[in-house]
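1. quick one, fold the following:
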Amino acid sequence: MQRVRDAAVRLFIDLHLCPNLKDQDETRRMIEKSAELGYKAVGVTLPKKYSQSEVEKISKICGEVGLDFVHRIDLAPSNTAELIRSLRLLRRNVEVISVKCLSKSVARQAAKDRRVDVLSFSSLDVRKRFFDSAEAELASKTQVSLEFDLAPLLYLRGYRRISLLSKLREEVFIAKKSNIPIIL
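-> Got it, this is the predicted structure:
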């Protein structure tokens with residue numbers, strides 16, 4: 001029985017750490033706090049135009065505190081051509097590419113493109129959440145994950161919180177039905 005429990009041990013990774021990269025002390029504190037909280041790796045979000053020295057500095061800090069470093073970029077393209085161009089430029093240099101889907105056409109293209117790792121949608125405007133069964137079908141073929149930003153649940157109140165919870169619940173149901181990995 002103990003072996004079964006040991007095999008089911010989960011590793012926790014913060015895939016969306018967003019420190020102010022201009023402030024090295026803040027970046028170090030956030031990474032150290034992640035290590036204290038028991039994370040095994042952190043995905044630090046870097047700007048679209050970053051320098052290799054930034055990556056090396058963050059990787060060094062992570063190594064010093066015993067964390068694996070995951071290089072992540074968040075894209076928020078306004079159209080599919082911009083998305084495809086960005087993916088072509090960045091895919092070989094980045095471990096995780098997340099696409100914030102601001103339109104239905106971008107959401108569809110991101111879901112069917114194998115170079116995209118994570119789909120995310122607006123947390124504040126429920127009308128800009130385009131994840132539906134058609135999107136799920138496309139995403140299930142490319143092994144893309146669906147990311148939920150739960151921070152708004154902490155500060156939204158009343159109807160907006162209820163509306164967001166309802167939409168998240170619906171999207172979780174659709175994602176689970178299509179075997180799409182969910183990132184919280």
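2. what does the lengthiest helix in the chain contact?
-> For the chain, the longest helix by residue count, based on DSSP state H, is helix 158-177. Helix 158-177 has contacts (CB atoms under 8 Å, 6 or more residues apart in numbering) with 123-124, 126, 129, 131-133, 136, 146, 148, 152-153, 156, 182. (C-beta placed from N, C-alpha, C; glycine too.)
3. same question for stretch 119-131.
-> With CB under 8 Å, 6+ apart as the test, stretch 119-131 has contacts from 74, 98-104, 107, 110-111, 135, 139, 144-149, 151-152, 156, 160, 163-164, 167, 171, 174-175.
4. report the buried members of those.
-> When the contacts of stretch 119-131 are checked for burial by 16 or more other CB atoms under 10 Å, the buried set is 74, 98-102, 107, 110-111, 135, 139, 144-149, 156, 164, 167, 171, 174-175.
5. ramachandran coordinates for residue 138?
-> phi -60, psi -40 (degrees, to the nearest 10).
6. any idea how far it lies from residue 180?
-> 10 Å (CB to CB, to the nearest Å).
7. got any ranges where the chain has weak pLDDT?
-> Where the chain drops to pLDDT under 70, the residues are 1-9.
8. what's the domain layout of the protein?
-> Split into domains by automatic domain parsing, the chain comes to 1-72, 76-184.
9. need the winner for burial among those domains.
-> Mean neighbour count (mean count of other CB atoms under 10 Å) peaks for domain 76-184 among these, with a mean of 16.
10. span of it from start to end?
-> 19 Å (CA to CA, to the nearest Å).
11. swap in stretch 89-104?
-> With CA to CA, one end of stretch 89-104 sits 23 Å from the other.
12. now stretch 136-154
-> End residues of stretch 136-154 are separated by 27 Å (CA to CA).
13. which residues touch that stretch?
-> For stretch 136-154, using CB under 8 Å, 6+ apart, the contacting residues are 15-16, 98, 108, 110-114, 116-120, 123-124, 131, 161, 164-165, 168, 171-172, 174-175, 177-184.
14. mind naming the longest strand for the protein?
-> In the chain, ranked by residue count with DSSP state E as the criterion, the top strand is strand 68-75.
15. give me the residues contacting it.
-> Taking CB under 8 Å, 6+ apart as the rule, strand 68-75 contacts 13, 15-16, 40-48, 50, 55, 58-59, 62-63, 83, 86-87, 90, 93-100, 120.
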